[in-house]
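Participant: Fold the following and give me the result.
(chains A, B, C and D)
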Number of protein chains: 2
Amino acid sequence: MTPKLGMGPLRREQIVRATIRCLARDGYAGLTMKRVAAEARVSQGILHYYFRDKAAMLAAAALRVTADLDRRVAAEARGARDARARLRAVIRACLETAVESRDFWTVFIEFWGEALHDRRLAAVNRQAYARARRLIGVALARGRATGHVRRVNPEEAAAVVLGLLDGLSLQLTFDRRLMTLSRAARLAETVLARYLTPGDPR
Amino acid sequence: MTPKLGMGPLRREQIVRATIRCLARDGYAGLTMKRVAAEARVSQGILHYYFRDKAAMLAAAALRVTADLDRRVAAEARGARDARARLRAVIRACLETAVESRDFWTVFIEFWGEALHDRRLAAVNRQAYARARRLIGVALARGRATGHVRRVNPEEAAAVVLGLLDGLSLQLTFDRRLMTLSRAARLAETVLARYLTPGDPR
DNA sequence: ACTAGATAATTGGTCGACCAATCAATAATA
DNA sequence: TATTATTGATTGGTCGACCAATTATCTAGT
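Facilitator: Numbering: from 1, shown residues only, chains lettered A, B, ... in the order given. Now for the predicted structure:
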């Protein structure tokens, strides 16, 4: 290829994107430097020029995916005016990502598996969850301020939102016939509205 | 070792258990026939005597884990008398498993990653989810019959229960400081009670 | 009871394929 | 010319699968 100065960050990004595609296609067990190099249309050697080793590449891929999801969720939530609309935006952004760009969610799942056995990856994972909890927590706090959300521990409520979205996204990823985007979104909205709306239904 | 006739099923089980332990310890990427053989205290060759290939071993491990979880959930749910108690029993059984025998949930996560790229494993996964949905659906249907559960689509409600339990179990697996068993159980019970109890909280 | 196959269970080693990482050499830019 | 970027070949090692040989157990005939 034609090396150009200042290409560093671009090449790196190119390799990370290729890693994500390979990971989605073949899984971590089938992820090889050769395949990533072929997918990125570069030589094998250069992968180790930009990344110390394979695990570093996986971590970069995970960081990129979580950052993209964050950006997408934040962008959709920005347009919403009240707490309920904001929550709905978060729900739709997460679930849409799980359906439309299946790669993302596939990478997440592969990544979880490795994060259980690699400290670096585990740290990345914890950070991603913490950021998501914070993002959701802010939305909930605003809702509580305007009286649309009942008095709940924001941290716990964020964990509930996150957990439900994770679980539904898994179902969306594994069996798209049984679980559709519209159904998942409707369910999530109903469950969370009932959980968060003031008043005791019992 | 000393081969004995009728040892077949025992050896097989022994290998499956060793596979589960190895999977929990090293992940699928680090799962090798050599390690499983060492863990099971048998020779490498015999693994291929009982299983066609590595994927078959993984599938057997996944089947064993799901069956164990099923049995455990069913056992705890049997003691409950009304719908609410039954739901609570299911919640506790699932979440306790996620905490106590971490191996189980680890195997699930590793398994998901591979199931995304292997048809056989994907089929096993679908079956497991279908069985879980059915089990939960039955509990919900009984609750509806006695008027303790509002009118909801049982299939959808089961998906919600399953999704929430999956999501909370993930959090329990990844960060036991932030999410504890008692907190997860309390959250799940609150959310699901509000979702399923008759009456409109809005 | 004893033994001679037949069968089931198990071993240890072999083999080709493939992998991650390294490196000397080279090309492009500053 | 010095630095950065990139290549392609090499290397040492490991992996999954396969297989010939061996041992244990069962069965039937005597």
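Participant: so how far is chain B from A:Leu165?
Facilitator: Counting by C-beta to the nearest C-beta, to the nearest Å, the separation of A:Leu165 from chain B is 7 Å. The C-beta positions use only the backbone N, C-alpha and C, and glycine is treated the same way.
Participant: Looking at chain A, which residue is nearest DNA strand C?
Facilitator: Taking C-beta to the nearest atom of the strand as the measure, chain A has A:Asp53 as its residue closest to DNA strand C, at 2.9 Å.
Participant: That residue - how many residues pack around it?
Facilitator: Other residues near A:Asp53 number 10, with proximity taken as other C-beta atoms under 10 Å in any protein chain shown.
Participant: so how far is A:Leu47 from it?
Facilitator: Using C-beta to C-beta, to the nearest Å, we find A:Asp53 at a distance of 9 Å from A:Leu47.
Participant: and if you look at A:Ala74?
Facilitator: Summarising the geometry, the distance separating A:Ala74 from A:Leu47, computed by C-beta to C-beta, is 31 Å.
Participant: Compare neighbour counts for the two and give me the winner.
Facilitator: When A:Ala74 and A:Leu47 are compared on other C-beta under 10 Å, the one with more neighbours turns out to be A:Leu47, at 22 against 13.
Participant: Let me see the backbone angles for A:Asp118.
Facilitator: When read as degrees, to the nearest 10, the backbone of A:Asp118 gives phi -140, psi 120.
Participant: what's near enough to touch it?
Facilitator: Taking C-beta atoms under 8 Å, 6 or more residues apart in numbering or on different chains as the contact definition, A:Asp118 lies against A:Ala55.
Participant: remind me which residues of chain A are low pLDDT?
Facilitator: Low-confidence segments of chain A, defined by pLDDT under 70, are located at A:1-8, A:200-202.
Participant: how about the strands of it, start to end?
Facilitator: Remark: no strands are assigned in chain A by DSSP state E.
Participant: mind listing the helices for it?
Facilitator: Taking DSSP state H as the criterion, chain A carries its helices at A:8-26, A:33-40, A:44-50, A:54-78, A:83-100, A:102-115, A:119-145, A:154-174, A:181-196.
Participant: Roughly how far does the nearest residue to A:Asp68 once chain neighbours are set aside sit from A:Arg72?
Facilitator: By the measure of C-beta to C-beta, 6 or more residues apart in numbering or on different chains, the closest residue to A:Asp68 outside its immediate chain neighbours is A:Phe104, 7.0 Å from it. Shown here: A:Phe104 relative to A:Arg72, a distance of 9 Å by C-beta to C-beta.
Participant: cool, A:Gly143 as well?
Facilitator: Look at A:Gly143 and A:Arg72: by C-beta to C-beta, they are 21 Å apart.
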